[in-house]
Structures are given as C-alpha cells and as structure tokens.
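> need the 3D shape of this:
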Amino acid sequence: MKNRQLLAGAAFALGIVLASSAQAATAYVSNERSNTVTVVDLDTRTVTATWDVGERPRGITLTKDGKYVLICASLDNAVEIRNAKTGELVGVLPSGNDPEQFFVSNDGKYLFISNEDDAATTAVDLETRRVAWQVVVGEEPEGIAQSTDGKYLLVASEEENIVDWIDIATREIVHVTETDYRPRHIEFTPDGTQVWISAEIAGTVHVIDVASKEIVETLSFAPPGAPAYKVLPCGIRFTSDGKTAVIALGRADAVAVVDVASRKVTGYAATGGRPWHLAITEDDTTAVVANGTTGDIAFLDLASLEVTKRIEAGKGPWGVAIAH
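Below you'll find the model as predicted:
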C-alpha cells in the first residue's frame, strides 16, 4: 500500500442517512489501467474532470448521502474516500488484500469488501473507519451484495464456483449456492425476492429465489456475431421498477436486456469493447456502460437499444457509479 496519511476525522463525516445527492446527474467511472476516475456530467454527457487515484481502481460507489466516492484501489490494498465534487482524497479505509468489489450496507453503517487474496470478506465501520469483523469465504471472492431485508451478505467466490450466504447477525455462513464457472457479480431485484448472479466463464446468469435459496432458472445469451466463448457476463443492473435487467457481456462487446418477469432476453446492443460494468440513470432511460478495451463510455438508450453517444474515458474502464 502506498504511504498515505489518513486525514483527520473532522475533515470527513461519512454519510450514513439516506438522502438525495448533492452531486446529481453525475457518473463516476473507474479506469483500472490508467489509475484514474472519469467524472461525467450526465445532462451534457461530457467529461468534467479526471481524477488521479490509487493503483488499479475497480469497484466504485458512493456514500448514502452522495457526498463521497469510494474507490477500491486494488493494488494499494485500500479503499479511497474522495470528495464527490472535487475528487480530493479525504481518507483511506482499511480493506484487506486486493479489494475488488464492495457494498455499502443498507443502513449505511458498514462497507462490505471482498478481498480476493485473503479469501475473506471484510466489514469496515464507516463511522470509526476501522475493521469491525471479517469472515473467511471461498477462494477469490469478488461479487458481493446485501439482501434487501438486510439479513444476508452474499459473496461470490470465483475459484470455487460458489456463493456464500453470510448471516449478518451471527457472522456465520448459513448456506452455500453452487454456481456455474467463475461467479462474478451479484445483484438483488429491487423487491428483494430474487438475486441474479453472473457466471463469467460459463456465459450464464443464475436467477435465485431468495426465500428458498434455490436456483430457479439459468439464463444464457447469444448476441449476434459473437462466438460463445466470448460471452462473459459480469455486471447486472435492474431498472428501478424491477421489470428490466441489463447485463454486460464482456468480450462479446455487447449488453443483453432481459424481461425480469418472463426471464427472456428482449434484445442485445453492441456498446463497445468488453463492457464490464454499468449503471442505469435515475429515470431508467439510459444505461451508462464502461467499455474496458475500447477505453470509452457508451450511453445506451434502453427503449431503442441504440448507443446515442460515446465519450472517451481512461484506460480500462471497469466500474460505474451514478450520483442520483
């Protein structure tokens, strides 16, 4: 980890209460190969700033009040806290080794971090900025998410092809779901009844009933012109009404749009080279897609499935977070 000083606690009051963002209509894109974050005004669809950040930034999200951007600086073994308006570094959180993805708890109290090199999940108290607890999970954990009822923390372990269900109250693994090869991302539907898990190397997405913890369907994809071995699902996002899922398909250079009720693919869109993660605007009209190999950001109209604009990002765009 780089030698950084933790800044004074008075300079940083991490948002715990849900509130509207002071930095509305802004997207933040982590660029893992240029060690930068691209800041985008979503109204004008222009880049307004580029921040230099820690090494290999991947996971990116905002605090509940939208005042701070949290960034997994994977090679620094740290999570950076940056002012959402200025990009100023205001603190560094302990994270364990090789943090890749994280999830701000539903109540805003903890940051749950997956540590690939530690085979562990770390919970950091956002008020004290100290490690509160840690749970050993399967090898190479990446995807992580909390159930909407707050009871479970799910962690996807790529090496073991499993998802661990951690009971947050007891901090014990209470269930293990076996998946297809290389589970990468976990996303709960807005109503909390289902959780969707992408299995990268298998080219599939599992749909799991949360009540029974059983896989009820496995989706596969066939975007036009893409050989099956390039279909590598990763990021998943739902529209706010829970009716539509948008899934990044990696080296297939496309995203899939799925009707959640029928679990049928309704269309594909070529967005750029290796879309890895994405976010959906607050009005549910547009997906903002990070294209890792073409180094750009695509704006996908979800009604027409047409890319309406591309803008240049840094090298290796990886994650997208939107301040609503």
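> can you give me the buried ones in stretch 110-121?
110-116, 118-121 (16 or more other C-beta atoms under 10 Å). C-beta here means a position set from N, CA and C on the backbone, and glycine is covered the same way.
> what does that stretch rub up against?
70, 72, 79, 93, 95-105, 122-126, 132, 134-144, 146, 153, 155-157, 166 (C-beta atoms under 8 Å, 6 or more residues apart in numbering).
> which of those count as buried?
Buried among the contacts of stretch 110-121 (16+ other C-beta under 10 Å): 70, 72, 79, 93, 95-96, 98-105, 122-124, 126, 134-135, 137-138, 140-144, 146, 153, 155-157, 166.
> restricting to C-alpha, output the helix or strand where Glu142 lies in CSV.
Using DSSP states H and E, Glu142 falls within strand 141-146. Extracted C-alpha coordinates of strand 141-146, given in CSV (Å, rounded to 0.1, in the frame of the first residue of the first chain):
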residue,chain,number,x,y,z
PRO,A,141,-14.1,-13.7,-3.7
GLU,A,142,-15.4,-10.9,-5.9
GLY,A,143,-19.1,-10.2,-6.2
ILE,A,144,-20.8,-9.0,-3.0
ALA,A,145,-24.2,-7.7,-2.1
GLN,A,146,-26.6,-7.5,0.9
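> pLDDT wise, what is Ser21 at?
Confidence at Ser21, expressed as pLDDT, is 36.
> same deal with the one 10 residues further on?
Among the per-residue scores, Asn31 holds a pLDDT of 98.
> also the one 4 residues further on?
According to the per-residue confidence, Asn35 scores 98 in pLDDT.
> for Gly314, which three-state class applies?
Under DSSP: H, G, I helix; E, B strand; the rest coil, the three-state class of Gly314 is coil.
> Phe103 reaches Gln146, doesn't it?
Yes - using C-beta atoms under 8 Å, Phe103 is in contact with Gln146, at 5.7 Å.
> joint contacts of these two?
112, 153.
> so what touches stretch 279-289?
Contacts of stretch 279-289 (C-beta under 8 Å, 6+ apart): 27, 29, 40, 42, 237-241, 244, 246, 248, 255, 271-272, 275, 278, 297-303, 308, 320-322, 324.
> quick one on the thing from earlier: partners of the strand holding Glu142 in the sheet?
strand 152-157 (antiparallel) (DSSP bridges).
> mean confidence for the strand it pairs with?
Per-residue pLDDT over strand 152-157 has a mean of 98.
> now Arg310, nearest residue through space, not along the chain?
Of all residues not flanking Arg310 in the chain, Asp296 sits nearest, at 4.8 Å (C-beta to C-beta, 6 or more residues apart in numbering).
> and the one you found, how far is that from Lys309?
From Asp296 across to Lys309, the span is 10 Å (C-beta to C-beta, to the nearest Å).
> more crowded one of these two?
Asp296 (21 against 13; other C-beta atoms under 10 Å).
> quickly list what the more buried one is bridged to.
Asn291, Glu312.
> then the one 5 residues further on?
On DSSP bridges, the residues paired with Asp301 through beta bridges are Thr286, Glu306.
> quick check, pLDDT for Leu18.
For Leu18, pLDDT reads 32.
> one step back: please list the residues outside the strand holding Glu142 that contact it.
Residues contacting strand 141-146 (C-beta under 8 Å, 6+ apart): 100-103, 105-106, 112-116, 119-121, 152-158, 163, 168, 183-188, 195, 197-198.
> who's in contact with Lys189?
Not quite, residue 189 is Thr, not Lys. 195-196, 238, 242, 260.
> one more time with 10 Å
148, 195-196, 207, 210, 238, 242-243, 245, 260 (C-beta atoms under 10 Å, 6 or more residues apart in numbering).
> what's the answer for Pro275, then?
Per C-beta under 10 Å, 6+ apart, neighbours of Pro275: 232, 234-235, 246-255, 269, 287, 289-294, 297-298, 300, 317, 320.
> next SSE after the helix or strand harbouring Leu93?
Using DSSP H and E, the element containing Leu93 is strand 89-94. Downstream of strand 89-94, the first helix or strand assigned by DSSP H and E is strand 99-104.
> still on that earlier bit, going by distance to Glu217, which of the contacts of Thr189 wins?
Val207 (4.4 Å; C-beta to C-beta).
> mind checking which helix or strand the closest one is in?
Here Val207 is assigned to strand 204-209, by DSSP H and E.
> before we move on, what about Thr48?
Counting by DSSP H and E, Thr48 is part of strand 46-52.
> farthest-apart pair in the contacts of Thr189, please.
Farthest pair in the contacts of Thr189, by C-beta to C-beta: Val210 and Lys243, 17.8 Å.
> who has more neighbours out of the two?
The neighbour count for Val210 versus Lys243, taken as other C-beta under 10 Å, is higher for Val210 (20 against 14).
> gap between that one and Trp196?
On the measure of C-beta to C-beta, Val210 and Trp196 end up 11 Å apart.
> shared neighbours of those two, which are they?
Common neighbours of Val210 and Trp196 (C-beta under 10 Å, 6+ apart) are 188-189.
> burial of the closest residue to Lys64 other than its chain neighbours, as a residue count?
Nearest non-adjacent residue to Lys64, counting by C-beta to C-beta, 6+ apart: Gly108, 4.2 Å away. Counted with other C-beta under 10 Å, the neighbours of Gly108 add up to 18.
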